[in-house]
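>>> Quick check, what structure comes out for this input:
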Amino acid sequence: MAKIQRFVNHNQRTLKKTFSYYIMHITVAMLVGYMVTGSIWMAMTLSLLEPTVQAVAFFIHEKVWDRKDNSSTNKSSTTSRLKHSSAVS
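Numbering: from 1, shown residues only. Below is the predicted model of the structure:
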């Protein structure tokens, strides 16, 4: 249980964004599904299935971008320190 709590605390912003995206996506998917099929039940089924998969994909996408941003920041600071130390020498 502690691992889950740490995960939630560490990823709180991304989880909130994922949830809001999920709600928006369900709404849009239901409207489109209804317009295409004319069936409220089919629209509801489609609107729950597809956005659920998309929400998981969005969360993973955000984590990859966070890692990329952190990697770029670390490379920049290392390069900056190396330039500074060679200039001082």
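
>>> Helices of the protein, start to end?
Here the chain has its helices, by DSSP state H, at 2-10, 12-37, 40-88.

>>> by contact count, what packs against the second one?
So the one you mean is helix 12-37. helix 40-88 (3 or more CB pairs under 8 Å, 6 or more residues apart in numbering; DSSP states H and E). In this view, the C-beta of every residue, glycine as well, is placed from N, C-alpha and C.

>>> what angle separates the helix it packs on from helix 12-37?
140 degrees (axes from the mean of the first three to the mean of the last three CA atoms, to 10 degrees).

>>> Could you report the neighbour count for Val8?
10 (other CB atoms under 10 Å).

>>> again but with Val56, I slipped
By other CB under 10 Å, neighbour count at Val56 equals 12.

>>> Report pLDDT for it.
Predicted confidence (pLDDT) for Val56: 89.

>>> Over to Thr27?
92.

>>> Lys68 and Gln12: what is the separation?
The spacing between Lys68 and Gln12, counted by CB to CB, to the nearest Å, is 20 Å.

>>> Sorry, slip of the keys, the one I care about is Tyr34.
34 Å.

>>> So the two - more neighbours on which side?
Using other CB under 10 Å, the more surrounded residue of Tyr34 and Gln12 is Tyr34, with 17 against 10.
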